[in-house]
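Undergrad: Sequence and predicted structure below; questions after.
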Amino acid sequence: MGSPNVLRDVSQRSPPVIASYRELSEGVGGYLRTLFPTQRWPVTRLEENNRTVTAFYDLMFNQAQAAEAVRRYVGDRYIQHNPMVADGPEAFIAYFGRMAKEHPGYYT
């Protein structure tokens, strides 16, 4: 008696769950939570990074608190890729602080 056909056994279970864009953007953890909603899954590194970036952007742009965002989430060395802004945390704060004052609500 051979081993059971794994593919056939799996395919006879309930139809596969299709993940939404949001779940896929949350990575494997989001997809696994879709498949097994009652299972407690540990937070993955990707999810932790996603939460950190989202918190930075919220504080930085939605709340217009550049100095606090930099204090919490940016190290001593910051390389700016916008040629109109100098490198460094202080330059970042100055530029985006000025932009928030000149264009209130622009980034929200």
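TA: Received the coordinates, thanks.
Undergrad: Poorly predicted segments of the chain, please.
TA: Along the chain, the parts satisfying pLDDT under 70 run over 1-34, 36-42, 107-108.
Undergrad: Domain parsing of it, as residue ranges.
TA: What automatic domain parsing lists as the domains of the chain is 6-35, 45-102.
Undergrad: and residue 96, how many neighbours?
TA: Using other C-beta atoms under 10 Å, residue 96 is surrounded by 20 other residues. C-betas here are computed from N, CA, C, even on glycine.
Undergrad: quick one, strands of this structure?
TA: In order along the chain, the chain carries no strands (DSSP state E).
Undergrad: ok, which stretches of it are helices?
TA: All helices of the chain, identified by DSSP state H, fall at 6-11, 21-25, 28-35, 45-57, 66-73, 89-102.
Undergrad: could you give the angle of the longest one to helix 66-73?
TA: It refers to helix 89-102. Angle between the axes of helix 89-102 and helix 66-73 is 140 degrees (criterion: axes from the mean of the first three to the mean of the last three C-alpha atoms, to 10 degrees).
Undergrad: Helix 89-102 packs against which elements?
TA: When contacts are defined as 3 or more C-beta pairs under 8 Å, 6 or more residues apart in numbering; DSSP states H and E, helix 89-102 packs onto helix 66-73.
Undergrad: what comes up buried for the helix it packs on?
TA: By neighbour count with 16 or more other C-beta atoms under 10 Å, helix 66-73 contains the buried residues 66-67, 69-70.
Undergrad: ok, of these, which one's closest to residue 103?
TA: Proximity of the buried residues of helix 66-73 to residue 103 (C-beta to C-beta) peaks at residue 66, which lies at 13.1 Å.
Undergrad: Could you report the distance from residue 66 to residue 48?
TA: 23 Å (C-beta to C-beta, to the nearest Å).
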